[in-house]
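[1] below: sequence and its predicted model.
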Amino acid sequence: MANHTDPKKQCSIQPDTLAMYQKARQEGVETVWERAQAQEPQCGFCSLGLSCRNCVMGPCRLDPFGEGPQRGVCGADADIIVARNLARMIAAGAASHSDHGRDLVETLLAVAEGHAPGYQLTDLAKLDRIAAEYGIPADLPPQAKAKELALAMMAEFGIHKGHLTFAKRLPAARLAIWDRLGIAPRGIDREVVETMHRTHMGVDNDPVNILLHALRTSLSDGWGGSMIATEVSDILFGTPSPVASQVNLGVLKTDEVNIILHGHNPLVSEMIYRSSQDPALTGRAQELGAKGINLVGLCCTGNEVLMRKGIPMAGNHLVQELALLTGAVEAMVVDYQCIMPSVGQVSTCYHTHLITTSPKAKFPHAQHLEFTPENALERGREVVKMAVENFADRKPERVLIPVAPVNQVSGFSVEAILGALGGTSAPLLDAIKAGQLRGAVGVVGCNNPKICQDLGHTTITRKLIEHDILVLDTGCTAVANAKAGFKDPGAAALAGPGLKAICEALKIPPVLHMGSCVDNTRIMHLAAALANALGVDVDKLPVAASAPEWYSEKAAAIASYAVASGIYTVLGVTPPVLGSRMVTDLLLNGLKGVVGACFAVEPDPEKAAGLLIRHVESQRQALGLDSRL
Ligand code: XCC
Ligand code: SF4
């Protein structure tokens with residue numbers, strides 16, 4: 001692993017990253033790669049999950065070689081400590097997604113009550129559909145319906161009786177498995193809190209019981225907090241449909257005011273988008289010598305506005321510092337999650353304003369302009385104005401925009417995919433049954449400096465489409481694949497003959513962008529719809545998931561809800577569990593007999609693609625379809 005962080009080795013496969021990394025070295029600006037290098041060798045106890053600081057009788061660490069201590073001060077052994085640590089990791093991820101979902105629900109309520117002037121109910125048909133799922137009377141007018149929906153969703157964050165509403169999208173067989181295991185999620189917050197409780201010293205000391213609850217916690221994210229975030233975002237800002245755009249650092253413009261939207265929640269970025277269209281502000285930009293105002297995205301908030309508005313994407317996780325190094329960014333506006341604390345420091349090396357917007361997420365060297373549902377419209381204007389005025393301070397001699405942008409098509413919501421197929425999943429299933437399409441794989445997740453940037457995503461994706469497997473991507477994978485050109489409709493040429501023919505007929509790329517990381521729930525929703533249409537449980541489908549370069553606690557939650565929903569998931573970075581043989585064996589094998597799916601870990605992306613292809617083909621065989629095994 002150590003070599004991956006050797007700066008003499010390539011840190012990325014992407015020309016824009018490599019060029020900007022060069023500039024960082026020349027200008028002496030520290031980046032994530034130097035800091036990763038400085039951490040080597042990383043702590044072996046922590047890497048194995050064998051350290052615990054859950055109480056101050058500790059911290060404790062257990063000896064993986066069996067010579068030193070085998071129990072913490074309280075008596076916890078390796079199995080207990082590893083299981084507790086993993087459960088807390090998953091809970092933190094579920095909490096992050098779900099708290100993001102809550103912010104949207106609160107805004108939905110504010111809109112319904114008429115005190116969120118910048119926001120509106122944009123997709124009323126979707127409001128109708130979601131309200132119907134929640135059993136809200138169809139004949140209510142939109143505002144009243146939105147209010148009922150917001151209140152019903154809020155109730156699901158707390159104590160709730162029965163299943164979370166969206167879990168009913170799954171086949172009954174799946175819910176029966178959860179009930180039998182006692183892992184059907186109840187309240188969204190409740191499962192996270194219960195994880196914190198169970199992992200306190202002296203509560204749950206059965207590693208299997210801890211891990212089952214960790215799965216329940218992840219399900220409260222996947223079929224609760226994240227899915228609510230996706231669906232409410234669509235109601236407020238519109239359900240995505242195919243849209244052409246561009247990607248990589250080349251989307252920044254030398255002659256325009258550049259504003260980067262970074263983070264996760266579309267509540268802020270949508271308001272900035274609206275203000276950037278304001279003639280008074282574009283006029284002021286022109287007075288200062290700029291041709292206009294250029295909004296671009298980073299990470300998942302970028303995915304949100306790309307999916308709905310076609311805003312171009314500057315890059316994924318490991319590009320965030322490098323984007324500032326172009327010297328062409330007037331403002332980076334952040335909400336929360338995946339924003340490196342270092343961006344404030346990097347922004348001070350240039351004229352860039354770093355602007356924070358959430359009371360939950362303040363940063364060093366940033367200016368804080370807090371957004372609420374009530375003030376968002378006004379605040380959006382203020383932020384754009386600050387960026388525009390800052391154009392005067394740009395130093396043209398320090399600007400480097402290293403590459404030309406790559407074209408991409410984005411915006412593949414479940415509605416858009418089914419719409420392209422004539423309104424039902426039948427044509428998709430027919431293509432799978434006929435073997436023209438072998439199956440589908442969700443390739444998702446982050447960048448991680450332990451891995452050459454985007455190598456994992458693009459290697460796996462290319463192998464899958466060559467094998468006639470449709471790739472659905474989100475998050476930072478989606479950006480990686482777009483940069484590699486896989487989302488240009490011309491990329492059909494890279495696919496196997498079956499997938500190629502489908503893409504050409506429908507004029508779609510072989511890699512469909514389904515959104516941000518909370519939008520992994522779009523993939524889950526599609527999988528559930530396919531399972532229902534086929535009359536089988538999700539774990540019988542020729543589908544799989546992969547997180548080749550994950551770093552985040554949120555990714556741990558996503559992978560867990562995918563597996564607990566019946567989807568085999570291959571990780572490219574080893575989670576900190578190897579200190580317990582029992583936990584490792586449960587994740588890699590035992591879960592298969594329990595939830596019908598398990599994890600695999602394979603750092604080599606070629607081999608990981610092989611595992612995914614083999615899984616899809618063996619699922620086909622089990623369904624009685626032709627198989628290339
Ligand atoms: Fe963050 Fe969502 Fe990971 Fe990218 S993929 S590094 S979580 S921005 Ni979500
Ligand atoms: Fe040590 Fe147990 Fe406290 Fe963890 S909970 S720090 S293992 S004493």
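    Looks like it arrived, so ask away. Ligands and ions are numbered 1, 2, ... in the order given.
[2] so the residue nearest the centre of the chain is in which element?
    The structure's the chain has its C-alpha centroid closest to C517; by Cα atoms, centre = their mean the separation is 1.9 Å. Under DSSP states H and E, no helix or strand contains C517.
[3] in contact with it, which residues?
    97, 226, 264, 300, 444-445, 474-475, 554-555, 558 (Cβ atoms under 8 Å, 6 or more residues apart in numbering). Bear in mind the C-beta positions are built from the backbone N, C-alpha and C, glycine included.
[4] got a pLDDT number for the residue in the stretch 151-300 of the chain that ligand 2 sits nearest to?
    Taking Cβ to the nearest ligand atom, ligand 2 has its nearest neighbour within the stretch 151-300 of the chain at M201, 4.0 Å off. On pLDDT, M201 comes in at 98.
[5] low-confidence stretches in this structure?
    For the chain, the stretches with pLDDT under 70 are 1-8.
[6] count of residues packed around the closest residue to V251 other than its chain neighbours?
    In this structure, V251 finds its nearest non-sequential neighbour in P312, 3.8 Å apart by Cβ to Cβ, 6 or more residues apart in numbering. Using other Cβ atoms under 10 Å, P312 has 26 other residues around it.
[7] cool, E67 as well?
    7.
[8] quick one: it from ligand 1, how far?
    To ligand 1, E67 is 38 Å away according to Cβ to the nearest ligand atom, to the nearest Å.
[9] secondary structure element holding that residue?
    Using DSSP H and E, E67 falls outside every helix and strand.
[10] is it true that A544 touches V441?
    Yes: using Cβ atoms under 8 Å, A544 is in contact with V441, at 4.9 Å.
[11] coming back round to it: which ones are touching the residue nearest to V251?
    By Cβ under 8 Å, 6+ apart, the neighbours of P312 are 245-247, 251, 296-297, 306, 405.
[12] flag every residue of the stretch 351-500 of the chain that's near ligand 1.
    445-446, 475-476 (Cβ under 6 Å from any ligand atom).
[13] dump those into CSV; add secondary structure and neighbour count as well.
    CSV is the format used below for these (DSSP: H, G, I helix; E, B strand; the rest coil; neighbours: other Cβ atoms under 10 Å):
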residue, secondary structure, neighbour count
G445, coil, 32
C446, coil, 25
G475, helix, 34
C476, helix, 35
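[14] mind putting those residues into TSV with distance to D139?
    As requested, those are exported to TSV (distance: Cβ to Cβ, whole Å):
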residue	distance to D139
G445	43
C446	44
G475	39
C476	43
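[15] okay, those residues in a markdown table with distance to ligand 2 next?
    Formatted as a markdown table, these follow (distance: Cβ to the nearest ligand atom, whole Å):
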| residue | distance to ligand 2 |
| --- | --- |
| G445 | 29 |
| C446 | 28 |
| G475 | 32 |
| C476 | 33 |
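[16] what's the closest of these to G610?
    Of all those, G445 has the smallest distance to G610: 18.9 Å, by Cβ to Cβ.
[17] how about the residues of the chain near ligand 2?
    52-55, 57-60, 72-74, 76, 81, 201.
[18] for stretch 243-256, buried residues please.
    243, 245-253, 256 (16 or more other Cβ atoms under 10 Å).
[19] meant to ask about stretch 478-494
    Those would be 478-489, 491-492, 494, for stretch 478-494 by 16+ other Cβ under 10 Å.
[20] ok, now stretch 81-89?
    By 16+ other Cβ under 10 Å, the buried positions in stretch 81-89 come out as 81-89.
[21] dump these to CSV, plus secondary structure and distance to A112.
    Listed next are the buried residues of stretch 81-89 as CSV, based on DSSP: H, G, I helix; E, B strand; the rest coil; distance: Cβ to Cβ, whole Å:
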residue, secondary structure, distance to A112
I81, helix, 46
V82, helix, 45
A83, helix, 42
R84, helix, 41
N85, helix, 41
L86, helix, 39
A87, helix, 36
R88, helix, 35
M89, helix, 35
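[22] cool, thanks, signing off.
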